[in-house]
Structure formats: structure tokens, C-alpha cells
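Undergrad: Sequence isn't available, so here's the structure alone:
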């Protein structure tokens, strides 16, 4: 898949565990349907973490603004 990011190994392994794929990680990554699913879940996790970080940053900004009132 061209243009796809190289996900860190730990993110891929976490996604593999979340998918509950019975094959070991290395074997699952050699099978296109499982590899695609693992990358999809890794992308979902990455987006979710980025969204949470943005929400935390917004909360800090609001708290700082309220402290100055």
C-alpha cells in the first residue's frame, strides 16, 4: 500500500492483540487480510490518541484562561 505510514512495532502489536487474531503477530502480518486489519486498528488507535491529546491541550488552555479571570 503506497503512501501508508510505517506504524511503530508496538502500535501494530497492540492492534494485533485488540483484534484477537489467533495467528502469532509475525505470521498475521504476512497474511494480507490480517495485516490490513491490524493496520486499520493501529490507525484508529493513533487517531483516537491524537484526538485525546488535542482535548487535553484544550482543557489546559481553558483552565489557564479561567485562572486569569
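TA: Perfect, thanks for sending it. Model, not experiment: these values are computed from the prediction.
Undergrad: Find the residue ranges of the protein scoring beneath the pLDDT cut-off.
TA: 1-5, 69 (pLDDT under 70).
Undergrad: for this structure, which helix is longest?
TA: helix 32-67 (DSSP state H).
Undergrad: what comes up buried for that one?
TA: Residues 34-35, 37-39, 41-42, 45 are the ones in helix 32-67 that count as buried (16 or more other CB atoms under 10 Å). (C-beta placed from N, C-alpha, C; glycine too.)
Undergrad: So which elements touch it?
TA: helix 9-19, helix 25-28 (3 or more CB pairs under 8 Å, 6 or more residues apart in numbering; DSSP states H and E).
Undergrad: Would you mind listing the buried residues in the first one?
TA: Pointing back at helix 9-19 there. For helix 9-19, burial by neighbour count (16+ other CB under 10 Å) applies to 11-12, 14-16.
Undergrad: can you list the helices and strands packed on helix 32-67 in CSV and add distance to residue 65?
TA: CSV is the format used below for the helices and strands packed on helix 32-67 (distance: least, CB to CB, whole Å):
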stretch, distance to residue 65
helix 9-19, 34
helix 25-28, 45
